[in-house]
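**Student:** how would this look folded up:
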Amino acid sequence: MQMKMETSPLISATGKSHSLRAAGSPVEEVDRAPLIREELSRILQSRVFSLSSRMRRFLRFVVEATLEGRADSLKEYVIGTEVYDRKPPYDPSQDSIVRTEARRLRSKLKEYYESEGKTDPVFIGFRAGSYVPVFAHCESLNADRPPRERASSQLSEVLIAAIPFEDVSEDIDARDWARALSECLAHQFMMIDGCRVIEVESVKDLNSALRERSGFHSANGAHLVLQGTLIRDDQSLRVTARLADADGFQLWSIQFHLEANRKDLFRLMNQVASALTGRLRAQDFCCLNSTPEERTTRNFLNASILAAENSMDQDSPTDWRSIQTRFANVVRSAPRLARAHCGIANCLVETALSGIAGSREIVLQAKHAVLRALEYDAGLSAAHACLGLIHALECDFAASQRSFESSCSLGPGAVGHRQYALLLAALGRFEDAWHHLQKAQSIDPFSCRQKAARSRILYLSRRYEELVQEYEGLSIYGSKPAESQLFAAHTYLELGQPNEARQVANRLRCDARAYPELMAAVAEILARCGDFEFAMEITEHFKLLSPEPPIGSSRQALLALALGDKKGAINALIDACEKEEAEVLWLRVDPRFDAVRDSPCVRSLDAWSRARYAKPASAETPHFFPRYSCLDLAAEEPRVA
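**Tutor:** Here you go, the predicted model:
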């Protein structure tokens with residue numbers, strides 16, 4: 001007789017008892033804690049766990065914390081310090097001990113419930129991507145079925161078929177690149193909680209592999225198929241990756257353009273694999289207890305989010321409004337999809353920082369969107385990072401640090417490190433900013449937002465020669481976005497090379513015509529080069545200095561300075577601070593404001609004062625980053641002229 005679990009199979013981890021109905025018996029209240037602790041004791045004394053003292057400590061710690069109502073504290077950083085004795089400065093993104101041991105723990109529990117624990121009345125397990133245990137109380141007419149199978153509908157994994165990438169250029173070196181990328185991808189996916197990899201040699205081999213795993217498919221949800229191609233031409237390499245579902249429907253495609261030689265093979269292929277897995281977030285394709293139609297809908301929504309996020313990282317000037325609309329379309333179809341709300345918030349933040357007018361109101365909209373994302377998924381690291389940057393734009397640096405701490409405790413990705421680096425740079429903490437920027441670079445160096453942030457921080461920290469060297473050097477990670485080109489032009493001007501700056505500005509004029517904020521930056525560069533006639537022509541055409549301009553007062557101040565109107569620039573800066581514009585964040589460190597930095601009016605600006613003297617919320621609370629805290633009052637002041 002087939003066993004059934006009536007009512008909810010999960011004993012709540014919130015601290016409340018569950019009423020469970022045993023087969024053929026009346027409802028009775030179950031005191032869950034003694035049952036779970038008995039099961040924990042059985043597991044810890046079993047043969048499977050007898051030689052794994054640290055694994056026993058890990059399991060006991062998370063189970064006891066959950067039973068005591070401290071499930072929210074079970075983050076990677078906490079487990080690393082409490083169970084594995086990691087000491088500050090412990091960085092979970094660099095030390096993977098907890099993630100590695102969590103995978104081993106899942107494997108050990110599976111082994112236990114397939115052997116000694118077959119008839120245990122309680123099941124202890126973990127959902128994919130979580131360190132909080134779940135508990136199942138299983139009573140039935142047939143105890144032969146393992147608890148692992150009883151609870152399989154609650155614990156889901158994504159099965160990924162990684163088909164080796166194909167070299168289509170018939171180049172011997174390219175075949176090696178393709179093989180290296182395939183191996184790196186398989187490794188990266190296997191490092192993700194909740195992902196399992198099928199190794200197949202071709203699409204033909206995939207069908208038989210899926211048939212062998214059809215039981216797993218029906219119980220655990222989504223299958224994904226990842227394949228791609230490499231094309232090599234001299235030193236140029238184009239990598240195309242395609243994602244499909246098990247039925248062959250194409251869900252997503254992405255391309256990376258590289259300039260490289262053979263000596264960089266392993267490093268670059270590892271970076272491509274890291275960027276691919278980081279952007280894909282395969283674990284989001286899990287579908288618990290879903291029908292094929294529901295899985296198809298879920299896959300379509302996730303593919304729509306991936307396409308929108310991919311647009312955010314393209315190299316051409318970005319229309320943040322249209323990308324925001326794409327995320328909004330997903331929200332209309334799935335209002336509780338946190339990643340879509342986070343995408344809206346990130347688009348709004350980028351819009352506010354682009355120099356557009358009315359940025360204060362846009363930041364408030366972004367805050368509303370990211371709080372909605374956290375309401376639906378409090379464990380979304382990117383949402384905490386976005387909220388941290390929003391708090392910084394509001395000059396609430398203590399709240400900003402708390403949000404970045406939350407992001408990092410959840411395992412930050414490239415976005416979290418990059419946004420934290422921008423905050424640190426705005427506060428003049430350039431060494432610390434570079435530390436986090438390099439972490440983001442190691443995860444995804446192909447993102448245009450990463451390239452723009454790198455150029456901005458190099459410029460703000462006055463590392464002019466290094467910025468020019470990167471701009472003129474081999475484009476290893478693809479072409480430069482417009483913002484990187486603008487900072488390169490300003491750097492040429494700082495180095496006394498107006499002809500080079502003029503060339504950059506003229507190249508940007510064609511691509512930037514649809515974006516007044518970019519045209520304002522082009523006009524500023526031309527004015528600084530001495531081409532006042534061209535600069536005024538752009539200014540008048542786009543009404544950049546009119547009473548109701550399409551750009552913010554911060555951008556007006558920069559343009560006025562370039563045109564030689566220092567008084568107008570100071571008035572525009574005062575106006576920007578009164579409006580609490582987003583770009584006031586850079587006022588303290590931007591070299592372009594050196595001409596007015598010592599002005600009494602500028603020194604008295606309230607926003608600048610708050611940026612200089614912000615204090616942490618509690619002096620007793622230790623900083624999450626002992627070496628890299630943006631609020632360390634003992635830190636040196638930035639070296640600005």
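
**Student:** Low-confidence regions, the protein specifically.
**Tutor:** Scanning the chain for pLDDT under 70 picks out 1-31, 128-129, 137-157, 199-222, 260-262, 286-290, 315-317, 412, 602-641.

**Student:** for it, what's the longest helix?
**Tutor:** If you go by DSSP state H, the chain has its longest helix at helix 292-312.

**Student:** Do a quick rundown of the helices in the stretch 301-450 of the chain.
**Tutor:** In the stretch 301-450 of the chain, the helices defined using DSSP state H, counting those that start in this stretch lie at 320-333, 338-352, 359-376, 381-393, 397-409, 414-426, 430-443, 448-460.

**Student:** Could I get the contacting residues of residue 483?
**Tutor:** Residues in contact with residue 483, defined by CB atoms under 8 Å, 6 or more residues apart in numbering, are 452, 455, 456. Every residue, glycine included, has its C-beta placed from N, CA and C.

**Student:** Show me how the protein divides into domains.
**Tutor:** According to automatic domain parsing, the chain comprises the domains 10-150, 158-301, 313-613.

**Student:** just those: most buried one?
**Tutor:** Compared across the domains of the chain, domain 313-613 shows the largest average neighbour count, a mean of 20 (mean count of other CB atoms under 10 Å).

**Student:** Please work out which residues outside the one helix or strand residue 271 maps to touch it.
**Tutor:** Assigned by DSSP states H and E, residue 271 belongs to helix 265-280. By CB under 8 Å, 6+ apart, the list of residues contacting helix 265-280 from outside reads 176-177, 180-181, 184-185, 187-189, 192, 239, 241, 243, 252, 254, 256, 258, 260, 306, 309-310, 313, 413-414, 442-447, 476.

**Student:** Tell me if I'm right that residue 542 and residue 517 touch.
**Tutor:** No: when contacts are counted by CB atoms under 8 Å, residue 542 is not listed as touching residue 517 (9.4 Å).

**Student:** any common contacting residues for these two?
**Tutor:** Common neighbours of residue 542 and residue 517 are listed as residue 550 (criterion: CB under 8 Å, 6+ apart).

**Student:** before we move on, the earlier item: C-alpha coordinates for the helix holding residue 271, PDB please?
**Tutor:** What follows is helix 265-280, C-alpha atoms only, in PDB (Å, rounded to 0.1, in the frame of the first residue of the first chain):
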ATOM      1  CA  LEU A 265      43.100  30.200 -21.400                       C
ATOM      2  CA  PHE A 266      42.300  28.900 -17.900                       C
ATOM      3  CA  ARG A 267      41.800  32.200 -16.200                       C
ATOM      4  CA  LEU A 268      39.500  33.600 -18.900                       C
ATOM      5  CA  MET A 269      37.400  30.400 -19.200                       C
ATOM      6  CA  ASN A 270      37.000  30.300 -15.500                       C
ATOM      7  CA  GLN A 271      35.800  33.900 -15.500                       C
ATOM      8  CA  VAL A 272      33.300  33.200 -18.400                       C
ATOM      9  CA  ALA A 273      31.900  30.300 -16.400                       C
ATOM     10  CA  SER A 274      31.700  32.400 -13.200                       C
ATOM     11  CA  ALA A 275      29.900  35.200 -15.100                       C
ATOM     12  CA  LEU A 276      27.500  32.700 -16.800                       C
ATOM     13  CA  THR A 277      26.500  30.800 -13.600                       C
ATOM     14  CA  GLY A 278      26.200  34.000 -11.600                       C
ATOM     15  CA  ARG A 279      23.900  35.600 -14.100                       C
ATOM     16  CA  LEU A 280      21.900  32.500 -14.700                       C
END
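
**Student:** next one: it to chain centre, how far?
**Tutor:** Distance of helix 265-280 from its chain centroid, counting by CA atoms, centre = their mean, to the nearest Å, is 15 Å.

**Student:** Over to stretch 434-445?
**Tutor:** Using CA atoms, centre = their mean, the offset of stretch 434-445 from its chain centre is 12 Å.

**Student:** Quick check on residue 256: phi, psi?
**Tutor:** phi -120, psi 130 (degrees, to the nearest 10).

**Student:** residue contacts, it?
**Tutor:** Residues in contact with residue 256 (CB under 8 Å, 6+ apart) are 238, 239, 272, 275, 446, 478.

**Student:** and the gap between it and residue 417?
**Tutor:** Going from residue 256 to residue 417 by CB to CB, to the nearest Å gives 20 Å.

**Student:** do the same with residue 169
**Tutor:** 34 Å.

**Student:** Residue 309 now?
**Tutor:** Counting by CB to CB, the separation of residue 309 from residue 417 is 17 Å.
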